[in-house]
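[1] Provided below for reference: sequence and predicted model.
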Amino acid sequence: MEIFNISNLGQIKKDNKRRAAALGFFDGVHKAHKKIIAEMLKETDIIPIVITLDKSPKEYFGHTSVECLTPLEKKSKIFETLGVQEVYYLSFNKQLQTLSAESYIDKVLKQLNVEKIFCGYDYKFGYKGVGTPKLIADYSDIEVNILEEEMIGDRKISTTALREFVESANFTGYYDFTGRYYSISGVVVKGRQLGRTINFPTANLKMKSSYLLPKTNGVYITKTKVRDKIYKSITNIGYNPTVSEVKDKKFIETHILDFDAEIYGEMIEVYFYDFLRKEKKFESFNHLKKQLQKDKMVCEQKEI
Ligand SMILES: Cc1cc2nc3c(=O)[nH]c(=O)nc-3n(C[C@H](O)[C@H](O)[C@H](O)COP(=O)(O)O)c2cc1C
Ligand SMILES: Nc1ncnc2c1ncn2[C@@H]1O[C@H](COP(=O)(O)OP(=O)(O)O)[C@@H](O)[C@H]1O
């Protein structure tokens, strides 16, 4: 799969390849997103591509980073496993924000020889979001395919639903709506080096992107992918009140079961399965150690 980071629309070069494009922001890549992509992939004689943004308009207008479910790298990996051949991340900058809906069709869709588009019923684009799938059909010869609202039970499949699932630690809900357990990736960095002194080394995660996290600080039953293998793990999100008074920076650290290797600087991925308990301030480090032994036992016994 090829990835194109487009900071200026002039970078999109005309060629003679015919394309079908899935359009949208795709945060979380849920089952409705996957259906849009699957519909596109039924077109076998034409290159299947995704055209999306490098950041959400909300992030652009709010001038802050918004925690997301699938930062670009993760999103790209998912697109690749689904069979997408090209992804275009358009920089959401002044040029794109002020581009009229018609110019978007001319400078992006037509320039890429897009013959068919696939999108959700609520897809909007162009300056002030006035562009709709209907406008594409009226303004061009491009075939427009719209996926109507998809439900699971009585709930609409949406990124909003996924965000609620993550924040409230409803990881089975997230799984049901996406087909994947929620995961975050990061590099292992040095901490206080205390964990090993109680036989609980804990890999401290430094995330490259800003992920949405469960709201409650505490311990989660997780699995961790390290060096291409997956292990059970117990992961704490919080301020480590037993060893620290300050609350300026949240730590995410995981003790990987049945694993023993130095992994500083390596990339790991933590998949969330269940909430175990809230983070507590213990009387002593030894009391924390006893609790960690219990946490580990629960994790060992849990079928995940
Ligand atoms: C599964 C797990 C549960 C934890 N629970 C708590 C807790 O309830 N309270 C707390 O203060 N710290 C908790 N911690 C964080 C520890 O304080 C921290 O891992 C320890 O101080 C070692 O830190 P280090 O990696 O910087 O050496 C937990 C860590 C893990 C991995
Ligand atoms: N089972 C394990 N789980 C997590 N980290 C492990 C494990 N075995 C070895 N390690 C290594 O030990 C480090 C954590 O030890 P710790 O004493 O908590 O140090 P730090 O405070 O730097 O995190 C990890 O970053 C990793 O390199």
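    Done, it's in. Numbering: from 1, shown residues only. Ligands and ions are numbered 1, 2, ... in the order given.
[2] Check which residues of the helix or strand containing Val166 are buried.
    Assessed by DSSP states H and E, Val166 sits inside helix 159-167. Under the neighbour-count criterion of 16 or more other Cβ atoms under 10 Å, helix 159-167 has 159, 161-163, 165-166 buried. To be clear about C-beta, it is placed using only N, CA and C from the backbone, and glycine gets the same treatment.
[3] same thing with stretch 126-139?
    By 16+ other Cβ under 10 Å, the buried positions in stretch 126-139 come out as 126, 131-133, 135-136.
[4] same deal with stretch 25-43?
    Result for stretch 25-43 [16+ other Cβ under 10 Å]: buried residues 25-34, 36-41, 43.
[5] again with stretch 257-272
    Of the residues in stretch 257-272, 259, 263, 268-272 count as buried by neighbour count, 16+ other Cβ under 10 Å.
[6] for ligand 1, what are the nearby residues on the chain?
    191-195, 202, 204, 219, 234, 236, 240-243, 253-255, 279-281, 288, 292, 295 (Cβ under 6 Å from any ligand atom).
[7] before we move on, the earlier item: between all of the buried residues of stretch 126-139, which two are separated the most?
    The most widely separated members of the buried residues of stretch 126-139 are Gly126 and Pro133, with 11.9 Å between them, by Cβ to Cβ.
[8] surely Tyr239 meets Glu253?
    No - counting by Cβ atoms under 8 Å, Tyr239 stays clear of Glu253, with 11.5 Å between them.
[9] who's more crowded, those two?
    Ranked by neighbour count (other Cβ atoms under 10 Å), Tyr239 and Glu253 place Glu253 first, with 22 against 18.
[10] Could you tell me the per-residue confidence at the more buried one?
    Here the pLDDT value assigned to Glu253 is 98.
[11] Direction included, what does whatever helix or strand it lives in pair against?
    Per DSSP H and E: Glu253 is located in strand 251-256. Paired strands of strand 251-256, with direction, are strand 203-206 (antiparallel), strand 229-238 (antiparallel) (DSSP bridges).
[12] what's next to the last one, contact-wise?
    In this case it means strand 229-238. 202, 213-214, 217-224, 250-259, 270-272, 276, 279, 292, 295-296, 299-300, 302, 304 (Cβ atoms under 8 Å, 6 or more residues apart in numbering).
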